[in-house]
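Student: sequence first, then the predicted structure:
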Amino acid sequence: MDALHAAAVAITKARRIAVLTGAGVSAESGIPTFRSALASMGALWKDFDPATLATPEAFARDPERVTRWYDHRRLGCLAALPNPGHLALADLERDLESRGGEVILLTQNVDRLHQKAGSRRVVELHGTLITWRCTLTGRHTTPEPAPMREFPTPSPFDPRGLLRPNVVWFGERLPDDAVAAAENAAASCDVFMAVGTSSQVYPAAGFIHAAMARGAVTIEVNPEKTPISDLVDIRLQGPGGEVLPRLLVAARAGKGF
Ligand code: OAD
């Protein structure tokens, strides 16, 4: 049995599927990844140093630069469209639900493309770029789909505060409810898929190990090799936008969701 067929069988047998997604799943929507080895892909952290942009200290030091960079990325996310990989994952969720199962998406992405594609059970482990929050009150707002007017951006909730993106920066805790949902998914899934992630950033990279330890079938979708490639049960090598639709077709053909 080839790897695609084996993965299709595993997902048709599963009642609960957890899918961890990373920047690679949005690469085919034109959003750069953070650390891809493929030169053609353009990786964000190759051009920018995370310490100068993605930390609370960076924002305190240079809020104008950090706000400009995140606002530029926010507009890119708003303009982007889901690709066939996102759409296949949303279809998989609907298929499984129709037979009493469930798919939970644990995403490290901040672009909201899974939701745009129609996925409903999405846990945002690293927050989102689409909403911002006040540094003083913590209140959230969704800025309009146009460039911010001032850099840094004053908070509409308290004139002494600033707006910052609702993402998790290096050195910050992931939201407790998101971590709890991910731990629960890893502890109860029959299949755990890692799609488009370099599996290097923890705690997100640890969830597959928890699922593996309890015997869930593990599947990786990635064109490149990662630290988990030799550990997973099934490795599907290729871009998400090609592999995921083929996997869905194979699963539907095999069992008829
Ligand atoms: P990375 O940029 O680290 O890894 C992207 C992965 O996607 C790589 O393994 C690529 O091989 C793979 N990839 C590239 N194109 C793909 C495609 N078309 N289909 C499938 N896979 C593809 O992104 P993440 O693993 O998401 O955190 O990075 C994790 C975290 O590191 C991010 O959430 C971000 C970053 O620092 C924060 O900002 C907190």
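Tutor: Done, it's in.

Student: ok, V243 touching I219?
Tutor: No - using Cβ atoms under 8 Å, V243 makes no contact with I219, being 9.9 Å away. (Each C-beta comes from the backbone N, C-alpha and C, glycine too.)

Student: so what strands line up beside the strand or helix carrying T131?
Tutor: Assigned by DSSP states H and E, T131 falls within strand 127-134. Here strand 127-134 has these sheet partners by DSSP bridges: strand 140-141 (antiparallel), strand 163-167 (antiparallel).

Student: per-residue confidence averaged over the last one?
Tutor: Yep, that's strand 163-167 we're talking about. For strand 163-167, mean pLDDT is 98.

Student: gap between the very next helix or strand once past that strand and the chain center?
Tutor: For strand 163-167, the following helix or strand on the C-terminal side (DSSP H and E) is helix 176-188. Taking Cα atoms, centre = their mean, to the nearest Å, one finds helix 176-188 lying 15 Å from the centre of the chain it belongs to.

Student: report the buried residues of helix 176-188.
Tutor: Going by neighbour count (16 or more other Cβ atoms under 10 Å), the buried part of helix 176-188 is 178-179, 181-182, 185-186.

Student: also stretch 135-145?
Tutor: Under the neighbour-count criterion of 16+ other Cβ under 10 Å, stretch 135-145 has 135, 143 buried.

Student: likewise for stretch 160-174?
Tutor: Of the residues in stretch 160-174, 161-169, 174 count as buried by neighbour count, 16+ other Cβ under 10 Å.

Student: what's the answer for stretch 200-209, then?
Tutor: 201, 204-205, 207-208.

Student: what's the closest of those to A23?
Tutor: V201 (10.2 Å; Cβ to Cβ).

Student: excluding chain neighbours, what is closest to the closest one?
Tutor: Once flanking residues are discounted, V201 sits nearest to Q108: 7.0 Å by Cβ to Cβ, 6 or more residues apart in numbering.

Student: ok, back up a step: just put the buried residues of stretch 200-209 in JSON lines and tack on distance to L89.
Tutor: As requested, the buried residues of stretch 200-209 are arranged in JSON lines below (distance: Cβ to Cβ, whole Å):
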{"residue": "V201", "distance to L89": "20"}
{"residue": "A204", "distance to L89": "17"}
{"residue": "A205", "distance to L89": "19"}
{"residue": "F207", "distance to L89": "16"}
{"residue": "I208", "distance to L89": "16"}
